[in-house]
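Student: Let's see this in three dimensions:
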Amino acid sequence: MLVPQPEKWSHEAIVARSNMRPVRREKLNRAANSGENPGFDFLQECWNDYPAKADCDQEVGGEVSAVGFCGGG
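Tutor: A predicted model of the protein is given here:
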């Protein structure tokens, strides 16, 4: 079971993650265009910050399967 992290949802933390998304998107685009592997740690960082996953995590109290699908829309 994941332990909720209130500091993850502070205004400052949300702004910091939002500011990193374009940087991550650019790195993913470069990797896709060049065929390079961005690395597991980077991909996991992207997944952990994925907004739809965050919504799903909040809905089910942080208990989301690593391979599950939130089924948003």
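Student: Give me the below-cutoff pLDDT ranges for this structure.
Tutor: For the chain, applying pLDDT under 70 flags the ranges 1-6, 51-73.
Student: Verify the stated contact: Ala31 with Leu43.
Tutor: No - assessed by Cβ atoms under 8 Å, Ala31 is found out of contact with Leu43, at 9.5 Å. Heads up, the C-betas are built off the backbone N, CA and C, glycines and all.
Student: mind checking which helix or strand Glu12 is in?
Tutor: Assessed by DSSP states H and E, Glu12 sits inside helix 11-34.
Student: what's the angle from the helix or strand that comes right after that helix to helix 11-34?
Tutor: For helix 11-34, the following helix or strand on the C-terminal side (DSSP H and E) is helix 40-48. Orientation check (axes from the mean of the first three to the mean of the last three Cα atoms, to 10 degrees): helix 40-48 against helix 11-34 gives 130 degrees.
Student: May I see the buried residues of helix 40-48?
Tutor: Neighbour counts over helix 40-48 (16 or more other Cβ atoms under 10 Å) mark Cys46 as buried.
Student: helices or strands up against that helix?
Tutor: Other helices and strands packing on helix 40-48, by 3 or more Cβ pairs under 8 Å, 6 or more residues apart in numbering; DSSP states H and E, are helix 11-34.
Student: buried ones in the helix it packs on?
Tutor: Here helix 11-34 shows Arg17, Arg24 as buried, counting by 16+ other Cβ under 10 Å.
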